[in-house]
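K.L.:
Predicted model follows, preceded by the sequence.
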Amino acid sequence: MGDRQGPLSHIRVLDMGRIMAAPWATQILADMGADVIKVEKPGVGDDTRSWGPPFLKAADGSPTKEAGYYLSVNRGKRSVTIDMATTQGQAIIRKLAEQSDVVVENFKVGALARYGLDAASLRAIKPSLIYCSITGFGQDGPRKDQAAYDFAIQAMGGLMSITGERDDMPGGGPQKVGLPIVDLMTGMYAATGILAALTRRAETGAGETIDIGMLDVATAFLANQAMNHLVSGRTPKRGGNRHPNIQPQDVFRCKDGFFVLAVGNDGQFGKLCEVLKRPEWFEDARFRTNAARVGVTVELTELLTTEFEKWTQQDIVAALDAAGVPSAPINDVPKVFDDIQVRHRGMLQHLPHPLAGTVPQVVSPIRFADTPFVYDRAPPLLGQDTDAVLAELGLSEMDRKALSENGVT
């Protein structure tokens, strides 16, 4: 850990996670400087390594076995291959846990107990250990043994009931979010819980067992839509891009495309009326307050659509920006990385990679002034660090070779 930098450079994390939620959590910790050791199955590795195309291209242009999906969540880690179904493999993982501060895993409930690698077993060895389990439904309850993926939890957790166009509109019907948002939010909650547990341990010396269920997470981030239901008794519905509580907030068509308008208060609405040279709207009782505008959303949207069709996207966004009215072009992914602010903030970086020369990485949005994050470890090749990590555990070269030959590592 001596070569690590950042606020967590004193922390070691044993990462027994796969797919997205757990690796996202541990990548957050790795970005903060933690030494993250990723345990993978020999010869196979994390499922996401094969979730392509696309695959990273080697320096000679040929495809590698590193899928974009895998590359998005495993920066900053070291990869070791260990067959945890073997007694020797289990012993190695226990030793790694003994030398770690945090363990993160997302196996099915009870799966690791068979190997003596569950929270109770490892915390018995090291009481100060922070052990975080991520599952679809948590460690208890009637669904605890069910398998889960992000798509299914988006459905079960209500997200798809409020995402997408209205059923009576073209293209209407339930939609998932365009990325695995429940996995990502689960990883964020897991990282937050781990950081809180580390803070408590610094004060008390006590470890912690953390239980994160994806359905709990999806329920938690229903946020304002949940409260809209709980305080009104009404069931939130899909409304397309239209905001249910603040107007006007929607996607609007202009001469040459679409843009987003995100008026957040009555003052901004007044400025919008000035830009459109419709000051009378701001004096109209139907539109004077947000509550009034929400009640006549359809009528207001029709009026705004007529006005916006006179403008090009570039001109209307520039005019609204100058007036202090929040709006934005709808960028595709390449345009995101070409945005002057994204480029200025250095959100895209290229790290050295043993096969490709460099690999692009979308880095953390967190900025520390005094302990800046350092990005110096590309997502590792399968088993890239096995020998080095086992050597750190004190295994001789002969022992390491025997483990490899016997398929343990």
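P.N.:
Received the coordinates, thanks. Numbers count the residues shown, from 1 in each chain.

K.L.:
Torsion angles phi and psi at the nearest residue to L184 once chain neighbours are set aside?
P.N.:
With Cβ to Cβ, 6 or more residues apart in numbering as the criterion, L184 has its nearest non-adjacent residue at 5.7 Å, and that residue is W24. Using the backbone N, CA and C atoms, a C-beta is placed for each residue, glycine as well. The phi and psi values for W24, taken as degrees, to the nearest 10, are phi -70, psi -40.

K.L.:
contacting residues around W24?
P.N.:
V73, D183, L184, T186, G187, M188, A191 (Cβ atoms under 8 Å, 6 or more residues apart in numbering).

K.L.:
could you point out which element follows the one helix or strand T219 maps to?
P.N.:
Using DSSP states H and E, T219 sits in helix 214-220. Where DSSP H and E defines the elements, the next helix or strand beyond helix 214-220 is helix 223-232.

K.L.:
which other residues reach that next one?
P.N.:
Helix 223-232 is touched from outside by G158, I162, T219, R234, T235, P236, P244, N245, with contacts defined as Cβ under 8 Å, 6+ apart.

K.L.:
Break the protein into its domains for me.
P.N.:
Listed domain ranges for the chain are 12-220+343-405, 249-331 (source: automatic domain parsing).

K.L.:
re the thing from before, which among the contacts of helix 223-232 gets closest to I82?
P.N.:
T219 (34.8 Å; Cβ to Cβ).

K.L.:
List the single closest residue to that closest one in space, sequence neighbours excluded.
P.N.:
T219 sits nearest to G157 (Cβ to Cβ, 6+ apart), 5.7 Å away.

K.L.:
wait, doesn't that neighbour sit right on V182?
P.N.:
Yes: G157 is within contact range of V182, at 6.7 Å (criterion: Cβ atoms under 8 Å).

K.L.:
neighbour-wise, which of the two wins?
P.N.:
The neighbour comparison of G157 against V182 (other Cβ atoms under 10 Å) goes to V182, with 27 against 20.

K.L.:
Which strand or helix spans the more buried one?
P.N.:
Counting by DSSP H and E, V182 is found in helix 181-204.

K.L.:
Three-state assignment for the residue lying farthest from the centre of the chain, please.
P.N.:
Centroid-distance maximum for the chain: E280 at 44.4 Å, with Cα atoms, centre = their mean. Under DSSP: H, G, I helix; E, B strand; the rest coil, the three-state class of E280 is helix.

K.L.:
Name the nearest residue to it, ignoring sequence neighbours.
P.N.:
Per Cβ to Cβ, 6+ apart, closest to E280 is C273, 7.8 Å.

K.L.:
Repeat that for P380.
P.N.:
That would be S79: by Cβ to Cβ, 6+ apart, it lies 3.8 Å from P380.

K.L.:
Show me the beta-bridge partners of the one you found.
P.N.:
Listed by DSSP bridges, the beta-bridge partners for S79 are K38.

K.L.:
ok, it to V275 distance?
P.N.:
Distance of S79 to V275, computed by Cβ to Cβ, to the nearest Å: 54 Å.

K.L.:
Specify which residue of those two has the higher count of neighbours.
P.N.:
S79 (23 against 17).

K.L.:
got a list of what the residue nearest the centre of the chain touches?
P.N.:
In the chain, the residue lying closest to the centroid (Cα atoms, centre = their mean) is L184, at 2.7 Å. Shown in contact with L184 (Cβ under 8 Å, 6+ apart): M20, A21, W24.

K.L.:
Alright, calling it a day.
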